[in-house]
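Participant: need a 3D model of the following:
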Amino acid sequence: MIRRRHFHGGRRPRASRSRCANRLSVIFVCALLLNASCRHVGRGNHYVGEPEAAEYLTQATHVAYPEVDDPGLPEEVFATEPRRLRNTRPDEVWDLSLAETIHIALMNSRLIRSGGSFMSPGNPLFTNPDGMPTTMDPAIQETGVLYGQRGVEAALSEFDAQFTTSMIVGRSETVQNNRFTSGGLTPGDTLVDETGQFAAGVQKRLATGAQFGVMQTWNYSSNNTARLFPSVYEGALRAEYRHPLLAGGGVDYTRIAGPVSTNIQGVTGVQQGVIICRINNDIALADFELAVHHLLKDVEAAYWRLHFTYRALDVEERLLAETAEVWNVVDGRSQAQGPGGGAAENADARDMCFATEGRLLAARDDMYTAEAELRRLLALPVNDGRIIRPIDEPVSAELLPDWETSLMEALSRRPELRRQKWNIKSLDLQRRAAENLTFPRLDLVGGYQLNGFGDNLLGPTNGGLPGQNLGNAYDGLLEGDHDGWNVGLEFSVPVGRRFALAQVQNLELRLAKAQAILEEQEREVSHEIAATFRGLDRTYLTARNCYNRWITAEDRYQALVNQYQADSRKLTIDAVLRARDAIAQAELQYTQALVDYNTAMLELHFRSGRLLEVNGISMSEGPWNRWAQYQAREKATARTFAKDANYLHTSPEPLTEERAASADDGVSH
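Facilitator: Below you'll find the model as predicted:
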């Protein structure tokens, strides 16, 4: 039986088409597999032309160095070799007072260094460079825009007027596939539509949390149907207003948390308001002041350490010169006595010379180290041909501070406590704003609009039907004959209010924790002041004791010298040399005790928060630019015309004692 294949309309049967598609699929898959196998073995690739020289990668990842604009340090900073024991040479002496040293440190410290981080594996300059304190930190906080780190300008930007506009035009041609058509078209005709949309609007947020906006819209349509106007403009000028009445409403909430979301079902945080951002700026200033305190403490401590190393070097040099002189005398006497004469005394004198020389080398190395440490804190080159020498003498007068005065100054001046108090103030304000969000969301909404219609946007006014002005769309809009309005309330409340209540509870716990930390900080400060008082007594009494021992050592040495000169057979030269060495050690102990006493006074000033005041340093904000000064004058002038609102809360409560005192005096802020 022979089956005939029939072809309908030049098309193959469906089964035949499926078999052909399957064959093509199999051929395509085989081609892909063949191509992949050729690529895997690296054969069958042919190129046109000759190959050029190229670099071949032998590893997937390698160390790369970025191309950046790095001006670096000038060459003269590293040009001079550092000082060390094998590189001693006469350098120009740079006499520096403590006041000049602190001035240089403040002038050169864009980045505030720490004395204890040098040569440490965890040096934050390398392990955490972004966390290093700098003079730019307050400005960085002031201009911050990230969430949780916003500055005042970023917070005020929420109240900037937002202008938006759009213009979209289009054209569409469609065939009418319908036996029954309208508008003068017949089946199979082409419907041509031309459209255009234009919109422009301005929206502004108010300090009360409300939002006001004005919008202008025009819609253009044109087609080839039988209409009154083949092309027409329809538009509206609309004003809208939304005001939160419960959650998110009010000046206090807006100042603390920023404007509430326009979405009635949206939930917002409470960390973005102008007041919170201003407090963050004050916290950044407290951190910067604390870094300056630490810098001054490290610089002054390094200054007194360098002073001690100079005194130690001077003492060892004098001792070595005197010991060498004695050795020369003993050596000449032993040579005059012949072989074996005075050998023991010669060896004692020689041993003392070598021991003193070893201490002298250590003292010179300590001086180089202390000078380099001070240079590092002052941001000076490693070696510029000058060697720093302190010229101020440590204070030896007794300091008797008052306990209550020192404690009260510490509790009121310490930047750490001021920072924590600002943190407590911020958390308390955030808690108040979070309590506002526990209320339901109830917004008053309203709007009013003027509608416009016309054949032309700005054309003749006599178009349309007789007696009707339908030619100029703008003219009809501004006449105000066709208007519309709406007013109402929008209400929303999450069942259970879990987020809002959790936010309040979280802020209450954080506030309680911050208050507990403040109490513990104040207790810790009292213990620190007590420790500095004990340190003052200990170091002063130790310095006085060391001074008495120094005088006693000199008297003992003089007595031994007189006894040796009277009868050298009853007393060896070693006892005399040991007595002279005891004088040097007593002098060094007294100098070290005096330096410790000045360091204890430095510690008292640091722990009581008076270090800046003692050194004559004050912190203040720089002058405003001209535009900021102009705005301040304009706003101050505008406030002079303001009238008191007896039933409205128009001014925020004072955040600082200075502002509270000024408000009591009638000064406007």
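Participant: what packs against the helix or strand where Leu489 lies?
Facilitator: Assigned by DSSP states H and E, Leu489 belongs to strand 483-492. Where contact means 3 or more CB pairs under 8 Å, 6 or more residues apart in numbering; DSSP states H and E, strand 483-492 is packed against strand 441-454. C-beta: built from backbone N, CA, C; applies to glycine.
Participant: so what strands line up beside the strand it packs on?
Facilitator: Applying DSSP bridges, strand 441-454 is found paired with strand 231-244 (antiparallel), strand 483-492 (antiparallel).
Participant: quick one: closest of these to Ala582.
Facilitator: The minimum distance between Ala582 and the strands paired with strand 441-454 falls on strand 231-244, with 84.1 Å, by CB to CB.
Participant: which parts of this structure are strands?
Facilitator: In the chain, the segments counted as strands under DSSP state E are 92-96, 162-175, 190-205, 211-223, 231-244, 386-390, 441-454, 483-492.
Participant: by how many degrees do the first one and strand 386-390 diverge?
Facilitator: Orientation note: strand 92-96 sits at an angle of 40 degrees relative to strand 386-390 (axes from the mean of the first three to the mean of the last three CA atoms, to 10 degrees).
Participant: distance-wise, check Val595 relative to Gln589.
Facilitator: 11 Å (CB to CB, to the nearest Å).
Participant: cool, Ala321 as well?
Facilitator: In terms of CB to CB, Ala321 sits 21 Å off from Gln589.
Participant: redo the strands of the chain as a markdown table? Include mean neighbour count, mean pLDDT and distance to Pro124.
Facilitator: Shown next, in a markdown table, are these (neighbours: other CB atoms under 10 Å; pLDDT from 0 to 100; distance: least, CB to CB, whole Å):
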| stretch | mean neighbour count | mean pLDDT | distance to Pro124 |
| --- | --- | --- | --- |
| strand 92-96 | 13 | 92 | 28 |
| strand 162-175 | 10 | 92 | 42 |
| strand 190-205 | 15 | 91 | 41 |
| strand 211-223 | 17 | 92 | 45 |
| strand 231-244 | 18 | 92 | 45 |
| strand 386-390 | 18 | 94 | 26 |
| strand 441-454 | 19 | 91 | 46 |
| strand 483-492 | 11 | 93 | 48 |
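Participant: compare these and give me the one nearest Gln430.
Facilitator: It is, among the strands of the chain and with distance given as CB to CB, strand 231-244, at 18.2 Å.
Participant: could you export the closest one as CSV, CA atoms only?
Facilitator: Only the C-alpha atoms of strand 231-244 are listed here, as CSV (Å, rounded to 0.1, in the frame of the first residue of the first chain):
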residue,chain,number,x,y,z
SER,A,231,-6.2,67.9,18.4
VAL,A,232,-6.9,69.0,21.9
TYR,A,233,-5.0,70.1,25.1
GLU,A,234,-6.3,69.1,28.5
GLY,A,235,-4.5,70.2,31.7
ALA,A,236,-4.8,71.3,35.3
LEU,A,237,-3.0,73.5,37.7
ARG,A,238,-3.2,71.7,41.1
ALA,A,239,-2.2,72.5,44.7
GLU,A,240,-1.9,69.7,47.2
TYR,A,241,-1.4,69.7,51.0
ARG,A,242,-0.7,66.9,53.4
HIS,A,243,-0.4,67.4,57.2
PRO,A,244,0.3,64.6,59.7
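Participant: could you measure from Glu524 over to Arg414?
Facilitator: For Glu524, the distance to Arg414 - CB to CB - is 10 Å.
Participant: so, low pLDDT: which residues of the stretch 351-500 of the chain?
Facilitator: 461-469 (pLDDT under 70).
Participant: recalculate using a threshold of 80.
Facilitator: 455-457, 459-473, 476, 480 (pLDDT under 80).
Participant: tell me which residues touch the residue nearest the centre of the chain, please.
Facilitator: When CA atoms, centre = their mean is applied to the chain, the residue found nearest the centroid is Asp137 (4.8 Å). If a contact means CB atoms under 8 Å, 6 or more residues apart in numbering, then Asp137 has Ala284, Asp287, Phe288 as its contacts.
Participant: redo that, cut-off 6 Å
Facilitator: If you count contacts by CB atoms under 6 Å, 6 or more residues apart in numbering, Asp137 has them with Ala284, Phe288.
Participant: related to what we said a few turns ago, compare neighbour counts for Glu524 and Arg414 and give me the winner.
Facilitator: Arg414 (24 against 12; other CB atoms under 10 Å).
Participant: residues touching that one, list them.
Facilitator: Gly609.
Participant: phi and psi next, for it.
Facilitator: Dihedral pair for Arg414: phi -60, psi 120, per degrees, to the nearest 10.
Participant: for Met167, see how far away it is.
Facilitator: Taken as CB to CB, the span from Arg414 to Met167 is 60 Å.
Participant: same question for Asp69.
Facilitator: 42 Å.
Participant: just Ile388 next, same as before
Facilitator: Applying CB to CB to Ile388 and Met167 gives a distance of 70 Å.
Participant: cool, Ile391 as well?
Facilitator: In terms of CB to CB, Ile391 sits 76 Å off from Met167.
Participant: and for Ala344?
Facilitator: 110 Å.
Participant: likewise for Pro401?
Facilitator: 75 Å.
Participant: one more: Val595?
Facilitator: On the measure of CB to CB, Val595 and Met167 end up 78 Å apart.
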